[in-house]
Each structure stands twice: as structure tokens, then as C-alpha cells.
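K.L.:
Mind looking at a prediction? Sequence and model below.
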Amino acid sequence: MDPTIILAAGVSSGTVLLFAAVGEILAERAGVLNLGVEGMMLIGAVAAFGTAVATGNPWLGLVVGTLAGGLLALLHAVITISFQAEQVVSGLALTFLGTGLARVAGEDLSKAGAIALLPTATIPGLSAIPVLGPILFTGQSILVYVGFAVVPVTWWWIARTRPGLHLRAIGESPTAADTLGVAVYRLRYAYVVVGGLFAGLAGATITLAISPGWFGDLTTSGQGWIAVALVIFAQWSPIRAALGAYAFAAIRRMLLDIQGPEQLFGVRNPFYYDHTLTFFLEMLPYLLIIAVLVAVSGEAMRKRIGAPAALGVPYVRGERGQ
Amino acid sequence: MIAAPDAPLPTPDAAAVPAVELRGIVKRFPGVVANDGVDFDLRVGEIHALLGENGAGKSTLMNVLDGLYRPDAGEIRVLGRAVEFRSPRDAIAAGLGMVHQHFALVPTQTVTENVLLGLARPRLRLDLRHFDEEVADLARRHGLAVDPRARVWQLSVGEQQRVEILKMLYRGARILILDEPTAVLAPQEAADLFRTLRAMVAGGSSVVFISHKLGEVGQIADRVTVMRRGRVTAAGVATRTTTPAGLARLMVGREVVEAIERSPFAPGPVVLRLRDVAAESDRGLPALRGVSLEVRAGEILGVAGVAGNGQSELAQVMTGLRRCTAGSIVVDGGEVGNRAPREAIGRRVAHVPEDRTGVGTAPDLSVADNLIMKSYREPPVARRWSIDRGAVRRFANRLREAYAIAAPSVETEARLLSGGNLQRLILAREIASEPRLMVAVQPTRGLDVGAIATVHRLLLDQRAAGAATLLISEDLDEILALADRVAVIYEGRIVGLFDAAAADVATIGLLMTGGSATPAAAPGDAGRSVP
Amino acid sequence: MTAGVPAGSPARAGRSLPWTVRLERRLEVPRWLPFATTLGAVAVALLLSGLVLWVAGGDPIAIFGHILRSSFGSLGVLSDTLVKATPLILTGLACALAFRMRLWNIGAEGQFLMGAWGASAIVLFPVVPDGTPAIVTIPLMMAAGMAAGALYGAIPGVLRAVRGVNEIIVTLMLNYVAALWIAFWVFGPWSEGGFQLSRAFPPEAWLPRLSDAADVVPALSGLTVHLGLAFGLVAAVLVHFLLFRSRRGYEIRLIGDSPRAARYAGVNVARTTVIVFAMSGALAGLAGMSEVAGVVHRLQQAISPGYGFTAIIVAYIAKLHPYGVVVAAIAFGALILAGREIQPSGIPAMIQGIILFSLIASEALLRYRIRVVRRVA
């Protein structure tokens, strides 16, 4: 129950959620809802791990895992952008397909032994900062630092650049953007695929860095869905998503650690003595997500802020006005 | 590709080369020939009106010119050069910009962001402050007052139109196409627009002005081309040589526009009484600020106003679709404000909503299912909690015949109906409920002349049958033709109430814009169509 | 613009080709087309799946042949297929009903588990003592299962109706919670001798099977089909009646097509949302009851191989039509039955994903007519 360890672990495993959520934010900002994050993550995870096992090179695994997520997202893009299908259903189909494919591909991987992982690093100087140094900059995976960089870059991209202006426009009002020559279809394709790349990266982050190995569906254990929920909580802002991801992962780690000691805050720890009670602890993260959504939805309703206006709506050229 | 604002503009050699030349344009849609061999030319430095009824093919022609639609046949020349636009972007690159009836703006973004949207510049980093100044400067030069930092959803419709024009000017457009620009403007705002356009053509720009209002065409345009049913019936006639009656004949193919016959005004008891009603808009801003009105049986009260002054909210609070924050709404002695929509339906309040496809009908359900929307709770359609399919079919077929709804069968999906037929469907359903109060919002917008006449006749029939009618319309002519009394709404308040017979268009126009503009009579007249 | 606005997507084909492919919006959809495209989509999906299997080194023809033989090959396996189809019919109806209103209830799995729990509670708490006649026990279990499912389904319904909370996320999260809830009971209070399952239900809590009548009709011996199948068939008829013959069903279809039009017509959208979610949950809960009382005869953790998720595809294949759900559920029951023996274990899930993809892609065919036209000179 050491707060530094819990927070450091939160930053470490929260990086998975962060990548997945940032990718989903980019896709949704472009107006395409992709509920297939879980499937894309699983594919990314299995492709990365399989490659690393086969070649012994985790970097190659990282590349392959990321690309695999993007490839699966491309399917979603074709179905929802070109065929204008219901995005919810296509996303669910992507989850089924990704899960199934990952299981097939991972058939023999659960027996694979230890592999070389991506390196960890301690940043000289920064790690000496009191409180924050040990949490953020000490012994973290290299991907955690990538996560630190991804957040401000995506924020800047969305808010302060010309392509970002176009991204926001195609998610809010694709007709307006199209009229002015913004390539709505092409950009939506691009951002959906980029979202998939991020989901693949998230999956690869699990198997190559955070909790190595292949455990079938349990490898991601629903984190793809939590990432989708985080996007709503974050109100489509990468910065809020990052904070949410770290906080959520830290809380989950804390709930795990609660089960360890015999005494908790000087009293008898019921979770130590009755193991069945821990099922209720395990429920808490999911209930927390629901509670947060309820709170955020209320806030969003009051302040009238919300999803990109065209989220989930296929863009059909030439259907303007009545 | 895109001409930067300071880039050299293509200089026309002489007035001899037309700015735009369209030859034999054909554009077909499934089941319709929208343009059937249309010729059109626009001279440099002129305002050329394209006149025609709704559905005559004017907008289609200009969408072809703008690169939004690809023509099935025909040739387009801009400043003498043959062009083939693949998208509006190509058109803009050739110096041609179109302002659509439905604005293509991103509501959550600022004016400057909207202006910059789609440009290839800047490469990456977007320094908004720098561009705010550029946009402000451009706006000043053309007399288009608008704050570059404002978000578009905060702007009035007139201001949004200016943003659209700014967008085109910023891209260096010298040829401007305006699709029914005055449809959403008050007379005084229209006068401002006309001044801007005049100044622009004086500077060498050229303007195509799409309209179906005869009066304003004579006022603003140098020449006029008239279209009917996809063909040109008069090409490039100088407006000086035309008369409204002559144009009307070319436009509708009939000598005289029929005057509407109305029975004498015989008001009954008060049906609707609004007291100090206040309500908020979707954005949470005050939309109605203490509206008080009364409508009697057998009376049509017209509510005139520029778009976005609380008209939509007014209709919604009366039908239970929006909460009021204050005041009371009483229909036949019973409160309907802040009650479920069923309360209003139970009190026989009929509603012809503004949004026919989003609110007034369920597009993927059948015509029959759409016709029972207000009567599915009662016999004969309902038998307790079940629905009698046979009774539905009989009910729907009866209405389909009585109101001449053109649909292959009552099982046809509503989305396949044309705008006029959809409106007939809605009116049939609403009138079938034998309303005490009829709330009609923009009931003829976007309809062709035949359908408009039908709608007007049906509304007057209801008046004769003793219903109270609240007619909310942005079309002042329509209100003056139908209403017994006229209320003017501005920023959520009723700012004037007149007997229609004694109403003065100039005064109403002044009130519609908050009474701040000088009373210019001319644009008010422009709003009137032919006798 | 007047009606007949085109949905052309111009200039997407190559620039130099003398022709271009155009998607044109269909004005009328022929009646046979939806069925034809569904069948076509399933066929394409099976071809694609076969291709994937072949690439993965398997023998697709042998695998598909195996699936057919081991699910429809004899009366015995057909009966087993119907047993697998039973929970799919009920959960499929649950999804179809909610999806008709465009309520994305992805939580049939959780509602199924809660239904199983509620039904089990009747005999495991116990609410009624062992030896209580079946005529009392079974209806009580049905009621408890449906009530538990309905209450659990009502949670996302209420949150959606009152606070506008995204029901997809809530139902998904509740699936995890329900699984943990079951785990708690079978590991803890109801654990039999420390194993992760409850004691077996008394025979009065078993749904009657066809084989029960084998004394009278010997041909029925070994047939595992139980009364739950009848629940499913009756439920399909009731849901059909509800959707197409009742006022409530009209309101559901109206909201599903246009919530704003529904409000305009005086429908209480919020209340209907809660009711439909509760009905959907009740159907899924009944599926859970039928599974514990008809097949497993005890409560344990692994009572569902993802029925609640497969139900989504079942509902979609059926085009959200109740009778279609029955047919699709039987097909997927076969896939699940045969899938248990297929290695790798991911193949059935993969085939389900491919089928769902083909289906939604085929819907483009319904909305658009694809035409190759010559370019304008």
C-alpha cells in the first residue's frame, strides 16, 4: 500500500489505456465511432507478442503489433465510411473478429517462454525530482515516455494546427468541410486507421512491456472498452484522457494491493481473511466507470457540451439540406 | 490551387468575355431531369438574377457551376476558358464561390476558423490571432460587420451569411453565386446585403443572385434569366425592360397568380392564451422573454420575424416539446405549458412542425404508420392496447385520397415522398385530429407553387371550420396573405401587433430587425411579391 | 432542393477510365432483396471464413462438413443444437427488441447471468424448500429469473433515460459486474464443498425434457430438448405481436426511427426506454433461468459461452425480426455446438465476426444501386 508504487504502477499500466483512448479520440473527432478497440488491441497484442517470440526482437514486435491494429481499423473504415454502415454494429463485429483472429493466431503462444522485452529507463535528473521523480521517471518502460510525448502532441495537433482544424471540422460538420474542399472521406479513413494504430500499439504495450505474455482474451481483459468509456469521460480531450487513464489504472492497482496485508489502517483486513469478498473489490473499477459516466453525462447535459456533432453519422455526399 | 487573398486576380480583358458561360447543361437525378439543356451567361461586373419557382432547377444549375454536381452533358466556360470542376474546391480555385441556402458552417468553430477551413495555408501551425486580423480587415473593406473571434453558433443568421461571403472573398472569389440569400433576412438586412453586392460589382466582381421573389429581382439585378421545370424561359433579359407580371408568367407559366380567397373574419372565443411565456434555446440562452398572445377560434394569427428570434421555441413550448421557464400557456381553459406533449395533443392542438423530415415524420416508417402518429391511441385505430391493422389501412387510404398524397401505396416509406407530398401527409394527419388550435411553422418552405397553394387552402379551410391558427413564418408575404392579425417577434419578444388589413410592411420590417435601422421602405416592398 | 436529391458519389473512380462506378440511392427496395442479400452475405462470410481456415492450414470443407454433421446429422445432435439455440432465441429476442428502438443493449450476457442467479436463488437460498412441487418451483424460478434480468436491464435504461448515459458502456461494464457477482456466490455462500459451483438443483427445479417422456414414447429417449425451447418460441410470437400489433410496439418502432418524431407524437421516450430495457433484460433473464433449470441444473461460473454476445449477431442476421431470430438462433446454436470441438477455439468467434461484417456490408446493397456508367465526354 505504498502510494508511490501504486501511482508509478498507475502511470505504467495506464499507458495502455492512454494509447487506446487517444487513438479513439482521433477517430471520434473525425466523426467515426469505433467500438472495436478491444478487438484491435487483442490483435495488436498477439501480433506483437508472436513476432517477438518468433524473431526475438521486441522492436519488430512493436511495429507489427501496431500495424495489425491499423489493418483491422481499415476494415472498419471501409465498412463505415465507404459502405456507410451502422458504426456501432461494425465496431462490435470488429471486436468479434479481432477476438476470434487473436485466439486463432495465439493458439500456441500461451506456452511461449520468456521473451526479450522493450527496455526500461530512468531519466537522469528528472528522476531526482521529489515525489514526481520516482512516480514518473524511474524505471518506467520506454513506452511510458512515449505516452508522455503523445498526449501534448495530439492536443497540439487537434487544437493548434491546420490539419487539426480540418479534423475538428469533419467531425462537427462534414458537409461544410467538404464544400470547402476538405477531403472528408480520405481524412476519415486516415484518422480511423491512426486510431487503429494506436489501439494496436496499446495491445503491443501490454504484451511487450507492461504485463508480458499471451493469455487469450484475458490479455486485454476489457481494457478496450474502458478506453471507449474514457473517451466520453475525457470529453474528447487527450489531456483529460491521459489523466483518466493514469488515475483509473492507479485505482485498479490500489484495489489489488488492498488484498495483501493482514492489517489495513490498523484494523483487521476483511479482504485478507475472506477471499470471496475480493470479487466485490474487482467490481469496483467497472462500477467506477459507470459512476464517472453518470457524473460526466450530467455535466455534459448541463453545459451542453458533447460529442462531435457528426459522430456516428455516415457522411453521404450530395445530401444537403432537405 | 487556391488563390491567396493577396495573389494577383485574373483580369478580364474586356466586358466582351463573359465571366461565366453555361451551354446545354443537362443534369438528371433518378426520376427527374433537373436541368434540361440550360444556357446561361454572366457578364463581368453585373448582378444577374436567376429566377424561378422552387424546383425549377436554379439551385441545381448553380451547383453544377460550383462543381458540387457533375453535369450529364453540357459545357462550362469561366472567363472564356472551358473548365471541368470536380468539386467546389476547383470552382473556388477558378475564382468562383457559392453561398448556399443552408450555410456550410461549423457551428462550434470561430468565424476565422470557418474562413480558413479547407485552405492549404498555413502548412501546420495555426496562429489564429494573426488570421483574426486578416479576416477583420477583409470584413471591414467590404462592409461585412462580423467579429472574427465569435463562434458561429452565437451569430445571427444574417451574420452567418456574411461569414459565408467572407469565406469566398478570402479565397479570392470574383464571381459570387448566392442561393436565395434574402430568404432568411429581414428587409433591412437585405438592404445591407444589396449595398455590399452593389459595391462588389462596382469593384469588378460578378454576382449570380438566385431568387423566387419578383420584387427584389427588379430591385437588385441588372439582368434576369427565368427558369421553369428545368428549362430557360427567358435568357438574360435586362430588368429595366421587364414587368413583374411578365416575369411571373415566364416563371409559373400562367398569366395571373391566383389571389387567395378568404371567408370574412368571424372570430369566436379565445382558444389559446399565452401569458409572459419564457423559455431557453437548446444552447441554454434565453429564447423567449415574456411572450403574451391570444388567438381566437376562426382566426389566423401570423407571427412574423427573422429566423432565430424564438419562433421555433414558441411553437415547441405550445406543443409540450420544450420546457418554459416562466408563464402559462392555456388552450381551451387548460394549461399545456410544461406538460407532456400528450397533454397538448389531448387538447387537440395540431402542430405542423418546421422540420418535416426530422420531427413531422418518421422517414423509414410507412405512410400509414406516419398517418396514425396522432391517432394510434384511440379507436378505430387502437383496440385497447393493440392496433387494428385493417383500421389503420382504411384510415390511411381515406386520408391519402382526400389529401391527394402521391404515394404508390400507404405501405410506401415516408422518406420516398417529395416535400410537397410529405407536407400533405402532415397536414392530413393534423387536420384529421379536428384541431382546436393549429400551430403551423414555416408550412410552405421549400415547396413548389402547387403545393404552396394546397397548404394555404387547407389552412384557410381550418380557419373557416373554426380552428384557431398560429402561423409562424419567415415569409412575410405568406403571413400578410393568410393572417387576420400579425404579431412581430424579435429576440423572443412580441414587439408589435397589427390587423393584417392595416399592416404596413415598412413598419413590420423595421420591427423585425429590432427597430434600430432607419425605416427604408424600398426593401420592404422588395419583400412583396406580385399582386 | 426538392425531393429526389441524389446520393451520387462522383469522381471516386480512377481519373483516366472511360467509365465510373456510381452509387445511386434506391427509391424502392424490392421485397425479395433483403432476404437475398442476407443469404448472400452469409454465403460470402462462409467462403471468407473458409479462406481464412485454408490459409491457416485447415481443411475448410472438412470443418464445415463437421459442423453440419455434428449439429444436424441425427435426431440426437439436432436436439442438442436446439438446446444450444434455446438461450440464443431468448437473448436474440432481447437484443432485437432493444435494437428496434436503437437502444444498444450489449448487456444481454449480464442480464442472462442475473436471470440465472435469480432463478437459482429460489432453490439455493432457498426461497422454497426442496421437495416443493415443480408446478410451484418452476414458475417461481421463471418469475425470479425474469425479474432479476429486468431489474438489471432497467439500470442502463434508467441511466440513459434520466441522465443520457451511453448505454453501450454501461451494459458492457455491468456484464463484468454480473460475472463477478456469480463468481462470488459460487465461490462463497453457495459453493458446494469448496468447489466453484453450487449443489445440484432438486429434480423439481428441472425443466422437463423430451427424454422424460421416453417411458411412453421410446423414440424420445436421449433427447435433451427441454421446455425452455417452448419459452423461446412463445416469446418470439409475443415479441412479434408486441412490435407489430400493439400500441407499445408502434411507439418502439417510432422511437427507433426518429426519437424527435416520437416525442412530437406524444410518446414518453424516457419511460419507453426504461420499459424496453426491462423487457429486454427479462427475456435475457429467462434465457438464464432456462439454462440453469433446463441444462446445467446448478449454478456455476461457466454457464454461458457468450450467448449474450452471439445474440447481437443473431438479432442482426434476423434483421431484428422475431421469427428470423428463431431461425438464426438455430444456425448459431449449431455453430456453438460444433465449435466446442473445433480447434483453435477462436474459429467460431472469428466466423461470427466475419458474418456480421458481411451482413452490414451487404446492407449497402439494399440502400444503393451500384451502376457502372460511361463518363461524360
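P.N.:
Thanks, I have it.
K.L.:
What sits closest to C:Ile317 if chain neighbours are left out?
P.N.:
Among residues not flanking C:Ile317 along the chain, C:Ala328 sits closest, at 4.1 Å (C-beta to C-beta, 6 or more residues apart in numbering or on different chains). Every C-beta, even on glycine, is put in place using the N, C-alpha and C of the backbone.
K.L.:
try A:Ser110
P.N.:
In this structure, A:Ser110 finds its nearest non-sequential neighbour in A:Trp214, 5.3 Å apart by C-beta to C-beta, 6+ apart.
K.L.:
how near is the residue nearest to C:Ile317 to chain A?
P.N.:
According to C-beta to the nearest C-beta, to the nearest Å, C:Ala328 and chain A sit 15 Å apart.
K.L.:
Number of residues surrounding that residue?
P.N.:
With neighbours defined by other C-beta atoms under 10 Å in any protein chain shown, the count for C:Ala328 comes to 28.
K.L.:
Could you check which helix or strand contains it?
P.N.:
Assigned by DSSP states H and E, C:Ala328 belongs to helix C:322-339.
K.L.:
Show me which positions of that helix end up buried.
P.N.:
Neighbour counts over helix C:322-339 (16 or more other C-beta atoms under 10 Å in any protein chain shown) mark C:322, C:324-339 as buried.
K.L.:
so how far is that helix off the chain centroid?
P.N.:
Helix C:322-339 has its average C-alpha position 9 Å from the chain's average C-alpha position, going by C-alpha atoms, centre = their mean, to the nearest Å.
K.L.:
What of stretch A:188-203?
P.N.:
Centroid separation for stretch A:188-203 versus its chain: 10 Å, with C-alpha atoms, centre = their mean.
K.L.:
so does that stretch get close to chain B?
P.N.:
No - counting by C-beta under 8 Å from any C-beta of the partner chain, chain B is not contacted by stretch A:188-203; separation bottoms out at 15.3 Å.
K.L.:
pLDDT on that stretch, on average?
P.N.:
Mean pLDDT, stretch A:188-203: 98.
K.L.:
list the buried ones in that stretch?
P.N.:
Taking 16+ other C-beta under 10 Å as the criterion, stretch A:188-203 shows A:188-203 as buried.
K.L.:
Just the ones in helices from the residues you listed, please.
P.N.:
In helices, defined here by DSSP state H, the members of the buried residues of stretch A:188-203 are A:188-203.
K.L.:
And what about C:Trp104, helix, strand or coil?
P.N.:
Following DSSP: H, G, I helix; E, B strand; the rest coil, the label given to C:Trp104 is coil.
K.L.:
And the pLDDT for it?
P.N.:
pLDDT, C:Trp104: 92.
K.L.:
Stretch C:103-123 and chain A in contact?
P.N.:
Yes - residues of stretch C:103-123 contacting chain A under C-beta under 8 Å from any C-beta: C:Trp104, C:Ile106.
K.L.:
so where's the stretch 201-322 of chain A shaky on pLDDT?
P.N.:
Within the stretch 201-322 of chain A, the segments meeting pLDDT under 70 span A:299-306, A:318-322.
K.L.:
how much space between the residue in chain B sticking out farthest from the centre and C:Asp80?
P.N.:
Computed with C-alpha atoms, centre = their mean, the maximum C-alpha offset from the centroid of chain B is found at B:Arg384, amounting to 42.0 Å. Applying C-beta to C-beta, to the nearest Å, the value for B:Arg384 to C:Asp80 is 42 Å.
K.L.:
who's in contact with A:Val53?
P.N.:
For A:Val53, the contacting residues are A:Leu109, A:Ala112, A:Ile115, by C-beta atoms under 8 Å, 6 or more residues apart in numbering or on different chains.
K.L.:
Based on its surroundings, how many neighbours for the second one?
P.N.:
Here the number of neighbours of A:Ala112 (other C-beta under 10 Å) works out to 16.
K.L.:
Spell out the secondary structure type for the residue of the stretch 301-450 of chain B found nearest chain A.
P.N.:
Closest contact between the stretch 301-450 of chain B and chain A, by C-beta to the nearest C-beta, is at B:Gly446 (5.6 Å). Under three-state DSSP, B:Gly446 falls in the coil class.
K.L.:
go on, the one 4 residues further on?
P.N.:
For B:Gly450, the assignment made with three-state DSSP gives helix.
K.L.:
Check the closest residue to B:Gly95 other than its chain neighbours and give its pLDDT.
P.N.:
Nearest residue to B:Gly95, sequence neighbours excluded (C-beta to C-beta, 6+ apart): B:Arg174, at 4.6 Å. At B:Arg174, the model reports a pLDDT of 92.
K.L.:
pretty sure B:Arg174 is touching B:Gly204, no?
P.N.:
Yes - using C-beta atoms under 8 Å, B:Arg174 makes contact with B:Gly204 at a distance of 6.9 Å.
K.L.:
between the two, who's got more neighbours?
P.N.:
Taking other C-beta under 10 Å, B:Arg174 and B:Gly204 do not tie; B:Arg174 has more neighbours (26 against 13).
K.L.:
what's around B:Ala402, how many residues?
P.N.:
Using other C-beta under 10 Å, the number of residues around B:Ala402 comes to 12.
K.L.:
Next, find the distance separating it from B:Glu411.
P.N.:
From B:Ala402 across to B:Glu411, the span is 18 Å (C-beta to C-beta).
K.L.:
any weak-confidence spans in chain C?
P.N.:
C:1-29, C:342-344, C:367-377.
K.L.:
which helix is the longest one in it?
P.N.:
Ranked by residue count and defined by DSSP H, the top helix of chain C is helix C:134-163.
K.L.:
which residues sit in contact with residue 278?
P.N.:
Unless you meant another one, I'm taking chain A. Residues near A:Thr278 by C-beta under 8 Å, 6+ apart: A:Gln259, A:Phe271.
K.L.:
nope, chain C please
P.N.:
Contacts for C:Ala278 were tallied using C-beta under 8 Å, 6+ apart; they are C:Ala150, C:Leu151, C:Gly153, C:Ala154, C:Gly157.
K.L.:
got it, and B:Leu105?
P.N.:
A:Ser173, A:Ala176, B:Asn114, B:Val152, B:Gln160, B:Val163, B:Glu164.
K.L.:
The fifth one: how many residues sit nearby?
P.N.:
I take that to be B:Gln160. Using other C-beta under 10 Å, B:Gln160 has 21 neighbouring residues.
K.L.:
And it, how far from chain C?
P.N.:
Per C-beta to the nearest C-beta, B:Gln160 is found 20 Å from chain C.
K.L.:
helix/strand/coil for the closest residue to that residue other than its chain neighbours?
P.N.:
Distance criterion C-beta to C-beta, 6+ apart; nearest residue to B:Gln160, sequence neighbours excluded, is B:Phe103 at 5.3 Å. At B:Phe103 the chain is in coil, as set by three-state DSSP.
K.L.:
Helix, strand, or coil at C:Gly40?
P.N.:
C:Gly40 - assigned by three-state DSSP - is helix.
K.L.:
if I've got this straight, C:Leu90 is in a helix?
P.N.:
Yes - according to three-state DSSP, C:Leu90 belongs to a helix.
K.L.:
wait, doesn't it sit right on C:Gly232?
P.N.:
Yes - using C-beta under 8 Å, C:Leu90 is in contact with C:Gly232, at 5.2 Å.
K.L.:
Looking at these two, which one has more neighbours?
P.N.:
Taking neighbours as other C-beta under 10 Å, C:Leu90 and C:Gly232 compare with C:Leu90 leading, 34 against 26.
K.L.:
so who does the more buried one touch?
P.N.:
If you count contacts by C-beta under 8 Å, 6+ apart, then C:Leu90 has C:Gly228, C:Phe231, C:Gly232, C:Ala235, C:Leu283, C:Ala284, C:Leu286, C:Ala287, C:Ser290 around it.
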